[in-house]
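K.L.:
Turn this into a model:
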Amino acid sequence: MTLAACAKDVKFYKWPNISYAGVYETPVDCMAIKTISWSCTGKELLVVKSKGNPVIISPPSKPEQYIEPFDCIHTNNASVATFSNNNPNLLALGTDNGGVYLFNLKIKQKLPQEFKKLPSSIQNLEFSSDDQCIATGCLNGQIYLYDSKFRLSSSFVVPNSPSMSTMAYSKFTPNLLAGASKEGVLCLWDTETADIILCSKSHENRITDVTFFETILSTVGIDGKFISYDLRACECVARYELDCPLSSLAYLPGSLEMAVSTMSGQLRSYDQRNMKSPLRTHVASSNGGIKKISFPNINEILISPTTMYQKNAMKYNSKYYDDNCSASGDFSIFSDSTNMYDSPKMVNANVSNHCEEEENAVSAVQDIPPTKKIENIEFEELAKVLDEKVKSTTKEFEEKLLQTFYGLRINTSKQFIGLEEKISQSWNSFVDYLRFSGGGSGTTTSDEKVSQEEFTQVEHYSSVADCM
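P.N.:
Numbers count the residues shown, from 1 in each chain. Purely as a prediction, here's the structure:
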């Protein structure tokens, strides 16, 4: 699986080994990448730069391969852009002056649909999973929602926060929208009922990224915290405080691994079940932090939620965290959009209806099929991911085995050295004992001989005296 990481340039890495796969270098006058977005096929990446037109690039097949950008979107004031979740030729763009419009890559031109202009610069932009709605996050802290007829239907505000730092639409449940603020507040809405499902202030500072993974909603922030919530129970299930500020988060599809980027330019791989220490770490940017990381979503169909989960998701609108949170949002702010889902249709179907007068547009914009087709490339990508996972697991097992064997050798050597020292001490003590004990017995024998001779002489003289 390929991971895209953006800072000043866009770098690609093969996951889970975090091996470098190539780079798209921006022009010298470009200060940074604003945002990136994968197409639904996983073959193209949409890049919005701080200066110049948005471009589309493809991941390189070799690390040294030059990446040629596809420059067809001619606008200099784009602040954010995103691909459709179902149509690889359809994308939406937001501008610094609050404008929103659709662009078709097949005909290489903007579509005639007109969106009501927003009062502030657009910082975040996302399609719902079924492409029926478009959510826009603005610099003024408001999140505006366009319905399937390209009308403003509602707006949302993160409770107790004058700002909005990041936003995400669920790729698994169309009506779940999450927003977070610079004050560390997370809020989850049901866009069909405009109800708040979950509201929490678990971060001390700015939440830098929020993402969905099946029934899990996770956040990271500059306070170094990683927090996950179970959407079935609407409660916090994981909370870790890492050693540095975090900038972005991406789940590896079909796996328990996830990628985390830091403000210091690191890429880290973690196991969702234990985030006390990273599985792997790689320095991706030495000149600054990583702004955003993202995996392609081509394998989401293979891990899509079951029907039972979708039924349970509809029960979310009855759950609340704070009674006063709903008062913080302003819904149905425009009088001409009180009907939120009047004859809902797919976005691309409406695009086709509005482009009937233009023959090219009619042929380019088609209805979205109800389900995605599983292509051979998806199975090949999945096979590659599994193969890389097996190789990395085998390598980790071999390293642990070598470390264990090395440790046993060290301990055995220490025991032999200690035993050798004990034997040497015992031998030296034995030699000293023999040396001192042998000399002492010889002296005693000589003294005893002298004493015996003297005693014999005295005894002899006594006998002679007696005779006389």
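
K.L.:
which residues does Ala238 contact?
P.N.:
By Cβ atoms under 8 Å, 6 or more residues apart in numbering, the contact list for Ala238 reads Phe226, Ile227, Ser228, Gln272, Met275. Placement of C-beta: from N, CA and C, glycine included.

K.L.:
quick one: which two of those are the most distant?
P.N.:
Pairwise distances across the contacts of Ala238 peak at 12.6 Å for Ile227 and Gln272 (criterion: Cβ to Cβ).

K.L.:
These two: who's more crowded?
P.N.:
Ranked by neighbour count (other Cβ atoms under 10 Å), Ile227 and Gln272 place Ile227 first, with 21 against 17.

K.L.:
May I see the buried residues of whichever helix or strand the more buried one is part of?
P.N.:
Using DSSP states H and E, Ile227 maps to strand 225-230. Buried positions in strand 225-230, judged by neighbour count with 16 or more other Cβ atoms under 10 Å: Lys225, Phe226, Ile227, Ser228, Tyr229.

K.L.:
So the last one is in contact with Ile216, correct?
P.N.:
So that's Tyr229. Yes: between Tyr229 and Ile216 there is a contact under Cβ atoms under 8 Å: 7.1 Å.

K.L.:
Can you pull the residues that touch both of these two?
P.N.:
Val237.

K.L.:
quick one, helices of the stretch 1-150 of the chain?
P.N.:
For the stretch 1-150 of the chain, applying DSSP state H, counting those that start in this stretch gives no helices.

K.L.:
Export the buried residues of strand 225-230 as TSV, with columns for distance to Ser248 and pLDDT.
P.N.:
TSV is the format used below for these (distance: Cβ to Cβ, whole Å; pLDDT from 0 to 100):
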residue	distance to Ser248	pLDDT
Lys225	14	95
Phe226	12	96
Ile227	15	96
Ser228	15	95
Tyr229	18	96
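
K.L.:
Just put these in CSV and tack on distance to Lys106.
P.N.:
Formatted as CSV, the buried residues of strand 225-230 follow (distance: Cβ to Cβ, whole Å):
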residue, distance to Lys106
Lys225, 43
Phe226, 40
Ile227, 41
Ser228, 39
Tyr229, 39
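
K.L.:
between these, which is nearest Ser154?
P.N.:
Distance to Ser154 across these (Cβ to Cβ) is lowest for Tyr229, with 23.0 Å.

K.L.:
which one among the buried residues of strand 225-230 gets closest to Trp427?
P.N.:
Phe226 (61.1 Å).

K.L.:
Look at the closest residue to the closest one other than its chain neighbours and tell me its secondary structure.
P.N.:
With sequence-adjacent residues excluded and distances taken as Cβ to Cβ, 6 or more residues apart in numbering, Phe226 is closest to Tyr240, at 4.7 Å. When classified by DSSP: H, G, I helix; E, B strand; the rest coil, Tyr240 comes out as strand.

K.L.:
My guess is Tyr240 contacts Lys225. True?
P.N.:
Yes: contact between Tyr240 and Lys225 holds when scored by Cβ under 8 Å: they sit 7.0 Å apart.

K.L.:
Could you check the pLDDT of Ser424?
P.N.:
Confidence at Ser424, expressed as pLDDT, is 88.

K.L.:
How many residues are close by it?
P.N.:
A count of neighbours around Ser424, defined by other Cβ under 10 Å, yields 10.

K.L.:
and what of the one 4 residues further on?
P.N.:
With neighbours defined by other Cβ under 10 Å, the count for Asn428 comes to 10.

K.L.:
which SSE is it in?
P.N.:
helix 376-467.

K.L.:
how deep is the residue nearest to Phe226 tucked in, by neighbour count?
P.N.:
Tyr240 has 14 neighbouring residues, counting by other Cβ under 10 Å.

K.L.:
do the same with Val48
P.N.:
There are 24 residues near Val48, going by other Cβ under 10 Å.

K.L.:
Would you enumerate the residues in contact with it?
P.N.:
Neighbour list for Val48: Ile33, Lys34, Thr35, Ile36, Pro54, Ala78, Ser79, Val80, Ala81 [criterion: Cβ under 8 Å, 6+ apart].

K.L.:
Same check on Ala21?
P.N.:
Going by Cβ under 8 Å, 6+ apart, Ala21 touches Thr2, Phe12, Tyr13, Lys14, Pro59, Pro60, Pro63.

K.L.:
Isn't Val158 up against Lys182?
P.N.:
No: in this structure, Val158 is not within contact of Lys182 by Cβ under 8 Å, at 9.3 Å.

K.L.:
what is in contact with those two at once?
P.N.:
Shared contacts of Val158 and Lys182, defined by Cβ under 8 Å, 6+ apart, are found at Met164.

K.L.:
Show the pLDDT at Ser154.
P.N.:
Ser154 carries a pLDDT score of 92 in this model.

K.L.:
Verify the stated contact: it with Glu192.
P.N.:
No: at 10.1 Å, Ser154 and Glu192 do not qualify as touching, with contact defined as Cβ under 8 Å.

K.L.:
which one of these two has more residues nearby?
P.N.:
Neighbour totals were compared for Ser154 and Glu192, and Ser154 leads with 23 against 15 (other Cβ under 10 Å).

K.L.:
what's across from that one in the sheet?
P.N.:
In this entry, Ser154 is beta-bridged to Leu145, by DSSP bridges.

K.L.:
returning to what we had before: so Val158 and Lys182 - more neighbours on which side?
P.N.:
The neighbour count for Val158 versus Lys182, taken as other Cβ under 10 Å, is higher for Val158 (30 against 20).

K.L.:
what's the nearest residue to the more buried one if we skip its chain neighbours?
P.N.:
Once flanking residues are discounted, Val158 sits nearest to Ser181: 4.3 Å by Cβ to Cβ, 6+ apart.

K.L.:
So what's the residue count around that neighbour?
P.N.:
The number of residues packed near Ser181 is 23, by other Cβ under 10 Å.

K.L.:
what's near enough to touch it?
P.N.:
Gly141, Val158, Ser161, Pro162, Ser163, Met164, Ser165, Arg206, Ile207.

K.L.:
Pick out whichever of those sits closest to Ile197.
P.N.:
Among those, and counting by Cβ to Cβ, the member closest to Ile197 is Val158, at 13.5 Å.
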